[in-house]
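Engineer: Please work out how this folds:
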Amino acid sequence: MTKAPYQVVIVGGGISGLATSYALMEEAENKQMAVQCTVVEREPRWGGKILTHITDNYLIEGGPDSFLTSKPWALELCRTLGLHDQLISTNSQHNQTFSFCRGALRELPQGLLAFRPKRVDTLVSSGLLSWGGMLRMAAERFWPRRNSWQADESLGEFFRRRFGTEAFENLIEPLVAGIYAGDADELSIESTFPRFRELEREYGSVIKGMRKALASAPSAPRSSGEATTMFMSLRGGLGELIRTLVEALRKRGVRLMAGVECLEIQPPTPGSGVFHVMLDNGNRLPADAVVLATPAYQTARFLRAVQPETASLLDGIPYASTATISMAYPAESIGSQIRGFGFVVPRKEQRPLLAATWTSLKWPDRSRAGETLIRCYIGGRGRETVLEQDDAALVKCVRGELTSMVGITAAPTYTEIHRWKQGMPQYVLGHRDRLAKVQEQLVHSPGLYVTGAGMYGIGIPDCIREGTKVGKQLLQDYTALYSTRDSGSTVSG
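Structural biologist: Coordinates of the predicted model:
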């Protein structure tokens with residue numbers, strides 16, 4: 001009797017779903033197991049929030065523009081896919097970031113989130129902190145640690161407690177908002193920056209712990225002389241990762257269905273162990289396992305009939321809406337008004353703008369010679385009303401921000417807007433406990449898995465890591481639970 005292939009359907013064709021499929025097929029090949037994988041995506045394109053648009057003159061990232069290299073999973077996947085020669089680093093000549101504080105751009109010290117600023121004089125000269133604020137920040141090394149570690153703590157509470165209100169508001173909060181588009185007083189330190197809490201617990205100080213960790217860390221190996229910066233991208237944009245990943249999946253026989261929406265997940269009938277994935281094109285896909293790599297609120301909708309308690313838990317994960325507005329200007333109209341990679345805006349400034357990136361200075365070959373490309377980031381938790389405007393009003397708003405903040409008065413020659421409604425999951429207080437309960441509930445539905453940015457990490461590396469885990473776990477569980485199940489295949493002869 002020939003065993004039928006293990007049927008897996010993955011709903012969601014963003015980086016999480018694609019990484020899950022890739023890990024699954026690699027594991028199946030290594031274990032010489034027959035697997036038929038189908039990935040379903042309701043949008044006509046792959047990649048989710050990774051969206052690269054290339055025009056005759058510009059390379060524009062509608063979503064993220066880079067990935068973090070201290071979390072190695074994106075870098076490793078790029079190399080595995082043969083994209084090592086396409087990796088690009090940020091421009092070292094413009095390696096500065098600013099915070100808009102008290103009416104001016106003030107330079108942030110490099111290495112700030114590692115609490116090992118490379119140039120302390122930058123912190124002194126920038127005017128970001130008063131002398132009292134700097135002394136309070138430096139006193140973190142001697143500040144008493146928290147007595148109780150049981151309860152979760154907000155990111156805002158943690159950083160105020162350790163470094164003082166001034167350092168939190170002017171330095172740390174705007175950087176966090178740029179990553180999570182959230183309110184630091186709602187976000188969980190345990191689910192966003194758990195390492196800082198661990199350092200306090202172990203060393204009594206974040207600064208002491210970070211310095212000891214950095215001093216003992218092995219030097220990162222370089223591949224073929226490749227220089228690695230904190231953030232990296234691909235020469236053809238992050239969309240190149242998606243394109244290459246999709247090609248690799250096709251070569252391995254993965255069935256890719258874009259522009260098709262999943263309507264419902266039907267649970268197995270008693271004794272069958274087979275799910276059915278109902279699609280809007282009328283197809284009904286049988287599956288031994290289903291992976292939901294969709295935003296938490298969509299995953300909740302699919303699970304309502306199968307796992308109502310899990311659906312309620314996932315429904316409790318809030319999402320924020322954001323938008324990116326890319327604008328091109330003749331270089332001569334900008335002059336020397338911009339420098340570095342860009343700037344972030346503290347929440348206390350009460351501006352609609354979250355951050356701005358000088359794309360042409362940060363990355364090579366993103367605009368033609370004589371043109372300057374700028375990318376602005378707006379919206380986020382508590383600042384979403386700005387997104388109610390139409391595109392023209394949104395551009396006018398952002399132009400007004402750039403005029404008042406950096407003095408850019410010229411009209412852009414090109415604009416491009418990408419809106420991300422409910423695009424950014426918020427890891428609020430209790431997020432980790434919520435996810436623990438989700439995993440407890442899923443044990444009762446063998447063959448059902450969830451992954452995605454709403455769970456254990458919003459960044460590209462985190463999504464790849466979690467998708468890879470699920471892809472490998474699928475085959476481990478299948479081997480353990482279904483190895484003796486009669487596949488129903490025909491007997492030859």
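Engineer: Do a quick rundown of the helices in the stretch 151-300 of the chain.
Structural biologist: With DSSP state H, counting those that start in this stretch, the ranges of helices along the stretch 151-300 of the chain come out as 155-163, 165-167, 173-180, 189-192, 194-203, 206-216, 239-251, 296-303.
Engineer: in the helix or strand containing residue 309, what's buried?
Structural biologist: Applying DSSP states H and E as the criterion places residue 309 in helix 308-315. Buried residues in helix 308-315, counted by 16 or more other CB atoms under 10 Å: 310-311, 313-314. Just so you know, the C-beta spots here come from the backbone N, C-alpha and C atoms, and that holds for glycine as well.
Engineer: Could you check how far the nearest residue to residue 302 once chain neighbours are set aside is from residue 310?
Structural biologist: Taking CB to CB, 6 or more residues apart in numbering as the measure, residue 302 lies nearest to residue 265, with 4.8 Å between them; neighbours along the chain are not counted. Residue 265 sits 12 Å away from residue 310, taking CB to CB, to the nearest Å as the criterion.
Engineer: now do residue 15
Structural biologist: Taking CB to CB as the measure, residue 15 falls 23 Å from residue 310.
Engineer: tell me the contacts of the closest residue to residue 407 other than its chain neighbours?
Structural biologist: Nearest residue to residue 407, sequence neighbours excluded (CB to CB, 6+ apart): residue 337, at 5.2 Å. Residue 337 sits next to 406-408 when contact means CB atoms under 8 Å, 6 or more residues apart in numbering.
Engineer: So residue 337 belongs to a helix, correct?
Structural biologist: No: counting by DSSP: H, G, I helix; E, B strand; the rest coil, residue 337 is located in no helix; its state is coil.
Engineer: Could you name every residue contacting both of residue 265 and residue 310?
Structural biologist: By the contact definition CB under 8 Å, 6+ apart, residue 265 and residue 310 are jointly contacted by residue 303.
Engineer: Point out where the stretch 201-350 of the chain drops to low pLDDT.
Structural biologist: For the stretch 201-350 of the chain, the stretches flagged by pLDDT under 70 are 217-227.
Engineer: Swap in 90 and give it another go.
Structural biologist: Within the stretch 201-350 of the chain, the set of residues satisfying pLDDT under 90 comprises 207-230, 269-273, 305-306, 331-340.
Engineer: Can you verify my assumption that residue 288 contacts residue 447?
Structural biologist: Yes: the criterion here is CB atoms under 8 Å, and residue 288 meets it with residue 447 at 6.0 Å.
Engineer: any shared contact partners between these two?
Structural biologist: In contact with both residue 288 and residue 447: 273, 275, using CB under 8 Å, 6+ apart.
Engineer: Would you mind measuring from residue 21 to residue 341?
Structural biologist: In this structure, residue 21 and residue 341 are separated by 34 Å, where distance is defined by CB to CB.
Engineer: does the nearest residue to residue 183 once chain neighbours are set aside sit in a helix, a strand or a coil?
Structural biologist: In space, residue 183 comes closest to residue 381 once its chain neighbours are excluded; the distance is 4.6 Å by CB to CB, 6+ apart. Judged by three-state DSSP, the three-state class of residue 381 is coil.
Engineer: For residue 381, grab the count of nearby residues.
Structural biologist: Other residues near residue 381 number 23, with proximity taken as other CB atoms under 10 Å.
Engineer: Residue 86 is in contact with residue 234, isn't it?
Structural biologist: Yes: judged on CB under 8 Å, residue 86 makes contact with residue 234 at a distance of 4.7 Å.
Engineer: Show me what the residue nearest to residue 302 bridges to in the sheet.
Structural biologist: Listed by DSSP bridges, the beta-bridge partners for residue 265 are residue 277.
Engineer: Report the contact partners of it.
Structural biologist: Residue 265 sits next to 11, 275-278, 290, 292, 302-303, 305-306, 448 when contact means CB under 8 Å, 6+ apart.
Engineer: repeat that for 6 Å
Structural biologist: If you count contacts by CB atoms under 6 Å, 6 or more residues apart in numbering, residue 265 has them with 277, 290, 302, 306.
Engineer: Could I have the buried ones of those as ChimeraX selection syntax?
Structural biologist: Once 16+ other CB under 10 Å is used to decide burial, the buried members of these can be selected in ChimeraX as follows:
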select :277,290,302,306
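Engineer: Let me have the contacts of residue 265 in TSV, extended by distance to residue 109.
Structural biologist: Written out in TSV, the entries for the contacts of residue 265 read as follows (distance: CB to CB, whole Å):
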residue	distance to residue 109
277	51
290	47
302	45
306	50
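Engineer: The contacts of residue 265: which two are farthest apart?
Structural biologist: Of all pairs drawn from the contacts of residue 265, the one with the largest separation by CB to CB is 277 and 306; the distance is 11.4 Å.
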